[in-house]
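Visitor: One predicted model, sequence on top.
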Amino acid sequence: MNDVTPQVGAADENAAATAAPATTAPARPGRARRVARTALPVVTVAVAVVLAAAYTKSTVDGADRTTETRLWEEPAHKPGKDPAGDVARGRASTGLSKLLLPVPSGYRLGPDKGELGNDGERSGSSATAAMKQNARGLAGKKRRAYEERIDKLRIEGIAVRTYTDDGNTMMVSTELTRMKDKKAVRSLHAFRTGLWESLGIFRQGPKVKEHTRNAKCYELTEGSGDDLATLNCFAYDDEVSITLTASGSKPFDKSAVAELLKDQLNHIASPGEYV
């Protein structure tokens, strides 16, 4: 389920908070309330655990130890496979969610990306509205042109999945958009890459091996002075448009991001096989 915006802060605030090192700025009242809401369930669980432990000790101390101990017998039938699958790698309950790259080794599901969460999906007009959010940061004529382009695409669905690396140094958001018209997918790719190149503040990033024709990545030009690095990538395959955004603390492993995009494209070509 933070989508691409043509700004240095392309990933959402949750992404930046996950990827960037913590600061020592004073906590705001709103943050304090959030911390309190988070801490309360933890305290409640801790109290419950202590009470349960005390009850267990009391029961064991008074137990009848003269009864012969019997081992559990092996169950006649083993439990069936969980129909939900390996949820830690992301859900695969719909045709579009199956096309999202399962969480690869060295990563876990990342922070929420707006209302879509970290592993969500929308369809129809709701998907169209979600994709229009990519125009945040564009002004005037460019924003209107982008939104008009989206209205003409006949979007069928949008799925998002976010990933955080195990070292907490990088967050990646992948968004898949399915359209009815394959020609529209290619047209959107050309429009978006042309738009980013016309802004004059981005340069092309690392090439995506095996997919140089249908995938491009962009990064800010030098001299931004930002402590975070951001890489924005656009790609397509058949009737699916792909947007991948990665943010992390410098130095930034841009080649790892390009590799993730390559894996995502290969997974779309062979879902269920290339994971």
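Guide: Happy to help now that I have it.
Visitor: Let me see the contact set for I268.
Guide: Taking Cβ atoms under 8 Å, 6 or more residues apart in numbering as the criterion, I268 is in contact with 99, 176, 237-238, 240, 242. (Glycine included, C-beta is placed from N, CA and C.)
Visitor: Does it lie in a helix or a strand, and which?
Guide: I268 belongs to helix 254-269 when assigned by DSSP states H and E.
Visitor: list the buried ones in that helix?
Guide: For helix 254-269, burial by neighbour count (16 or more other Cβ atoms under 10 Å) applies to 254, 256-258, 260-262, 264-268.
Visitor: Which members of the contacts of I268 are classed as buried?
Guide: Applying 16+ other Cβ under 10 Å to the contacts of I268 flags 99, 176, 237, 240, 242 as buried.
Visitor: From those residues, which land in strands?
Guide: 176, 237, 240, 242 (DSSP state E).
Visitor: So the first one sits against E156, correct?
Guide: So the one you mean is L176. No. In this structure L176 lies outside contact range of E156 using Cβ atoms under 8 Å: 10.9 Å.
Visitor: So for whatever helix or strand E219 lives in, mean pLDDT?
Guide: Here E219 is covered by strand 215-220, with elements defined by DSSP H and E. The average pLDDT for strand 215-220 rounds to 93.
Visitor: Same question for stretch 234-249.
Guide: Stretch 234-249 comes out at a mean pLDDT of 94.
Visitor: same check, this time on stretch 258-273
Guide: Mean predicted confidence for stretch 258-273 is 89.
Visitor: Convert the C-alpha atoms of it to CSV, please.
Guide: Output of stretch 258-273 as CSV, limited to C-alpha atoms (Å, rounded to 0.1, in the frame of the first residue of the first chain):
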residue,chain,number,x,y,z
ALA,A,258,17.2,-0.3,-8.5
GLU,A,259,17.6,-4.0,-7.7
LEU,A,260,14.2,-4.0,-5.8
LEU,A,261,12.5,-2.4,-8.9
LYS,A,262,14.1,-5.1,-11.1
ASP,A,263,12.7,-7.8,-8.8
GLN,A,264,9.3,-6.2,-8.8
LEU,A,265,9.2,-6.1,-12.6
ASN,A,266,10.3,-9.7,-12.8
HIS,A,267,7.7,-10.7,-10.2
ILE,A,268,4.9,-9.1,-12.3
ALA,A,269,6.1,-11.1,-15.3
SER,A,270,6.1,-14.4,-13.3
PRO,A,271,4.0,-13.9,-10.1
GLY,A,272,4.4,-16.7,-7.6
GLU,A,273,7.7,-17.8,-9.2
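Visitor: let's have the chain start at 6 instead
Guide: Will do, 6 is the new start, and the previous item becomes stretch 263-278.
Visitor: could you measure L121 against S131, distance?
Guide: Counting by Cβ to Cβ, to the nearest Å, the gap from L121 to S131 is 10 Å.
Visitor: how about K157, what does it touch?
Guide: Shown in contact with K157 (Cβ under 8 Å, 6+ apart): A189.
Visitor: For it, give me the pLDDT.
Guide: 80.
Visitor: so how many other residues sit close to V92?
Guide: 12 (other Cβ atoms under 10 Å).
Visitor: show me what contacts it?
Guide: Contacts of V92 (Cβ under 8 Å, 6+ apart): none.
Visitor: Backbone dihedrals for the closest residue to K185 other than its chain neighbours, both of them.
Guide: Computed as Cβ to Cβ, 6 or more residues apart in numbering, the closest residue to K185 that is not its neighbour in sequence is R159, at 4.7 Å. Here is the backbone geometry of R159 (degrees, to the nearest 10): phi 50, psi 60.
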